[in-house]
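Asks: Dropping a prediction and its sequence here:
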Amino acid sequence: MSLTLPDIELLFRRHGHAQYTGEPVTQLEHALQTATLAERENAAPALIAAALLHDLGHMLEDASAGYDIHDTPTANGIDDLHQYRILPFLRAIFGEDVLAPIRLHVDAKRYLCAVEPAYFSSLSADSVRSLQLQGGVFDRQQAEDFIAMPHAVDATRLRRWDDLAKTAGLATPDYAHFSRYLTLCAHA
């Protein structure tokens, strides 16, 4: 099943108010803060779209996932693979310039921990838990292989915005403001 742009908006309307588990923001606040940071750094429209959508896979979770959806999956020892779960739903709408940073943003955390020792200490408790479930810190060869991949640099930029987008009460533009990037990047 593919999502349409109105379906994406509906997902945010229905589930955006849910707590971004393990963090002091909602799913929508996290998405808007991430996109705001991308826009402030003059990222390409596709990367701003990816910033808005990078955690949309979390909104596909339901009670059948094997844990309480009001709790964080990592607290239950589960890697929800959200970065992959959403891709089949978005593939009909967006190209690799949007999809690849979404797919790679988890591995970007593993990469940044490998190449910047201070990065690990900046992670939230939930991000530290998920890091272990997601395979841990890359070794040197894995880090080199990752950064050589197409879109890996964009994924690391997205990852940094993701890490910073967890501030309770932060004012941002609304969903309508950022949905224009989705429209701009959607296949004709």
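Replies: Received the coordinates, thanks.
Asks: Just the buried residues of stretch 7-27, please?
Replies: For stretch 7-27, burial by neighbour count (16 or more other Cβ atoms under 10 Å) applies to 8-9, 11-12, 15-16, 20-23, 25-27. For the C-beta atoms, the positions are set from N, CA and C on the backbone; glycine is no exception.
Asks: now for those residues, which pair is the farthest apart?
Replies: Within the buried residues of stretch 7-27, Glu9 and Gly22 form the most distant pair, 25.2 Å apart (Cβ to Cβ).
Asks: Ignoring the adjacent residues along the chain, who's closest to Ile147?
Replies: Distances taken as Cβ to Cβ, 6 or more residues apart in numbering place Tyr111 nearest to Ile147, at 6.3 Å, with adjacent residues excluded.
Asks: you'd agree the one you found is up against Thr156?
Replies: Yes: using Cβ atoms under 8 Å, Tyr111 is in contact with Thr156, at 6.5 Å.
Asks: As a markdown table, the buried residues of stretch 7-27 with distance to Leu123 would be great.
Replies: As requested, those are exported to a markdown table (distance: Cβ to Cβ, whole Å):
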| residue | distance to Leu123 |
| --- | --- |
| Ile8 | 28 |
| Glu9 | 30 |
| Leu11 | 26 |
| Phe12 | 25 |
| His15 | 24 |
| Gly16 | 24 |
| Tyr20 | 15 |
| Thr21 | 15 |
| Gly22 | 11 |
| Glu23 | 11 |
| Val25 | 16 |
| Thr26 | 20 |
| Gln27 | 19 |
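Asks: CA-only coordinates of the longest helix seen in the chain, as PDB, when you get a sec.
Replies: In the chain, with assignment by DSSP state H, the single longest helix is helix 96-115. What follows is helix 96-115, C-alpha atoms only, in PDB (Å, rounded to 0.1, in the frame of the first residue of the first chain):
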ATOM      1  CA  GLU A  96      15.900   8.500  -3.200                       C
ATOM      2  CA  ASP A  97      16.800  12.100  -2.300                       C
ATOM      3  CA  VAL A  98      14.000  11.900   0.300                       C
ATOM      4  CA  LEU A  99      13.900   8.200   1.000                       C
ATOM      5  CA  ALA A 100      17.700   7.500   1.500                       C
ATOM      6  CA  PRO A 101      18.200  10.000   4.300                       C
ATOM      7  CA  ILE A 102      15.200   8.500   6.100                       C
ATOM      8  CA  ARG A 103      16.500   4.900   5.600                       C
ATOM      9  CA  LEU A 104      20.000   5.900   6.700                       C
ATOM     10  CA  HIS A 105      19.300   8.200   9.700                       C
ATOM     11  CA  VAL A 106      19.600   5.300  12.200                       C
ATOM     12  CA  ASP A 107      23.000   4.200  10.700                       C
ATOM     13  CA  ALA A 108      24.100   7.800  10.800                       C
ATOM     14  CA  LYS A 109      23.900   7.700  14.600                       C
ATOM     15  CA  ARG A 110      26.000   4.500  14.600                       C
ATOM     16  CA  TYR A 111      28.500   6.300  12.300                       C
ATOM     17  CA  LEU A 112      28.600   9.600  14.300                       C
ATOM     18  CA  CYS A 113      29.300   7.600  17.500                       C
ATOM     19  CA  ALA A 114      32.200   5.900  15.700                       C
ATOM     20  CA  VAL A 115      33.900   9.000  14.300                       C
END
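Asks: Before I go, just wanted to say thanks for your time.
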